[in-house]
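**Q** whatever this is, show me its structure:
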Amino acid sequence: MGGRRRRANRADMKGNSSLNPLSFQLTLFADYGPLRYLFFSLCLLTYMTIISANAVIVLTVCLEKSLHQPMYIFICCLSCNSLYGSAGFFPRFLMDLLSDAHFISRPMCFLQIYILYTYVGDELTLLSIMAYDRLVAICQPLHYHSKMTFRMVRYYCIFAVLYPAFAVGFVVYLASQLPLCGNKLSRLFCTNWPVVQLSCVDTTLNNVGGQLLTMVSIFIPVFFILYTYIRILLVCRRQSTEFRGKALQTCLPHIITFLTYSVLLFCELSLTRIGADKINTIITTVLSLEYLIIPPIINPLVYGLNLPQIKTGIIRVLKKGPAAKL
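**A** Model (predicted):
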């Protein structure tokens, strides 16, 4: 059935005026009339909150020398990644809320795909590195300073950026080379698989590449994080109540972040594979936006409120601001 459809599409390629469209239409946007200004205001407030909260974490870690430790450096990188991912989504989304025609150019569409997918990859890679950091700190405390040196931390941070950059770049490059026979995307923003489905030719290589990317960028980090925390739990069972309390205090923010992100990302993956056009529009909208909005807001709150060192550092930095002006 799929083969006949592709052959029919290829037969019509010459006469199809939408072959290799210069822009894509995001069809999930509806005409909300005056309500769109309310939605725009709420989304703008959300974006400003994300920028402010994550910027405070970044500035606090950078300015406070007491926080120049591996765990806090990774938290700072997590906030930087939230700012990066939000910048790839919110400005364009805010423009579309006020626009009557929801078209995005082909280059900008693939750029958005690249930014959002590298954001996801960076997030999970950083969470994996943070889980390893906690594993060494709790299970091998005597070797912590020899294993988690600033040189190694720098290498881990570089790996967290470059690994998703190349992996996602390869998959996006494959999609960008496909001849497309349509331009309608039933989404609020560009994602890779809906674009691939518009192709007139066989997409087996893209499908395999996408599944491989999902495996190495999502499932392997998730299983690694689960493995590290199982080991941490086994070690904590044999320790004192005080030890378990300290371990829980440093691990709890990371566990909350990991569980929240995993659930929201699973919803997005399910939506991508099922097809947005087969689900209620409201449900599709919620599932599409969750992983781009909730983690960048929750992460600074979780780390800022649960880790006393960061909370104290934030207060100290905020106090320094008015004092410097005086």
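**Q** number of residues surrounding Thr204?
**A** When neighbours are defined as other CB atoms under 10 Å, Thr204 has 8 of them. To be clear about C-beta, it is placed using only N, CA and C from the backbone, and glycine gets the same treatment.
**Q** next one: Ile73
**A** Neighbour count of Ile73, defined by other CB under 10 Å: 20.
**Q** stretch 45-63: how far from the chain's middle?
**A** Its chain's C-alpha centre and that of stretch 45-63 lie 16 Å apart, by CA atoms, centre = their mean, to the nearest Å.
**Q** name the residues of that stretch that are buried.
**A** Judged by neighbour count (16 or more other CB atoms under 10 Å), stretch 45-63 contains these buried residues: 46-47, 50-51, 53-54, 56-61.
**Q** which one of those is nearest to Gly304?
**A** Set against Gly304, the nearest of the buried residues of stretch 45-63 by CB to CB is Ile57 (6.6 Å).
**Q** can you list the buried residues of stretch 45-63 in CSV and add distance to Pro141?
**A** Formatted as CSV, the buried residues of stretch 45-63 follow (distance: CB to CB, whole Å):
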residue, distance to Pro141
Thr46, 40
Tyr47, 41
Ile50, 35
Ile51, 37
Ala53, 31
Asn54, 30
Val56, 30
Ile57, 26
Val58, 28
Leu59, 30
Thr60, 26
Val61, 22
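**Q** out of these, which are inside helices?
**A** 46-47, 50-51, 53-54, 56-61 (DSSP state H).
**Q** just to revisit the earlier point, looking at the buried residues of stretch 45-63, which is nearest Gly33?
**A** Nearest to Gly33 out of the buried residues of stretch 45-63 is Thr46 (CB to CB; 21.2 Å).
**Q** if we can go back for a sec, Tyr303: which of the buried residues of stretch 45-63 is nearest?
**A** Of the buried residues of stretch 45-63, the one sitting nearest to Tyr303 (CB to CB) turns out to be Ile57, at 6.6 Å.
**Q** doesn't Pro300 make contact with that closest one?
**A** Yes - taking CB atoms under 8 Å as the definition, Ile57 is a contact partner of Pro300 at 4.9 Å.
**Q** shared neighbours of these two, which are they?
**A** Residues touching both Ile57 and Pro300 (CB atoms under 8 Å, 6 or more residues apart in numbering) are Ser79.
**Q** and the next element down the chain from the helix or strand harbouring Ile113?
**A** Ile113 belongs to helix 106-139 when assigned by DSSP states H and E. Note on helix 106-139: by DSSP H and E, the next helix or strand toward the C-terminus is helix 144-147.
**Q** that next one packs against which elements?
**A** helix 106-139 (3 or more CB pairs under 8 Å, 6 or more residues apart in numbering; DSSP states H and E).
**Q** so how far is the helix it packs on off the chain centroid?
**A** 7 Å.
**Q** same for that helix, what does it pack against?
**A** Counting by 3+ CB pairs under 8 Å, 6+ apart, helix 106-139 packs on strand 23-26, helix 70-98, helix 144-147, helix 150-176, helix 192-196, helix 220-237, helix 241-274, helix 281-306.
**Q** repeat the analysis, applying 7 Å as the threshold.
**A** Where contact means 3 or more CB pairs under 7 Å, 6 or more residues apart in numbering; DSSP states H and E, helix 106-139 is packed against strand 23-26, helix 70-98, helix 144-147, helix 150-176, helix 220-237, helix 241-274.
**Q** tabulate those in TSV, adding columns for mean pLDDT and distance to Tyr119.
**A** Formatted as TSV, these follow (pLDDT from 0 to 100; distance: least, CB to CB, whole Å):
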stretch	mean pLDDT	distance to Tyr119
strand 23-26	86	19
helix 70-98	92	3
helix 144-147	88	28
helix 150-176	91	8
helix 220-237	86	14
helix 241-274	77	11
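**Q** check contacts around the closest residue to Val56 other than its chain neighbours.
**A** Of all residues not flanking Val56 in the chain, Ile314 sits nearest, at 6.0 Å (CB to CB, 6 or more residues apart in numbering). Listed by CB atoms under 7 Å, 6 or more residues apart in numbering, the contact set of Ile314 reads 56, 60, 304.
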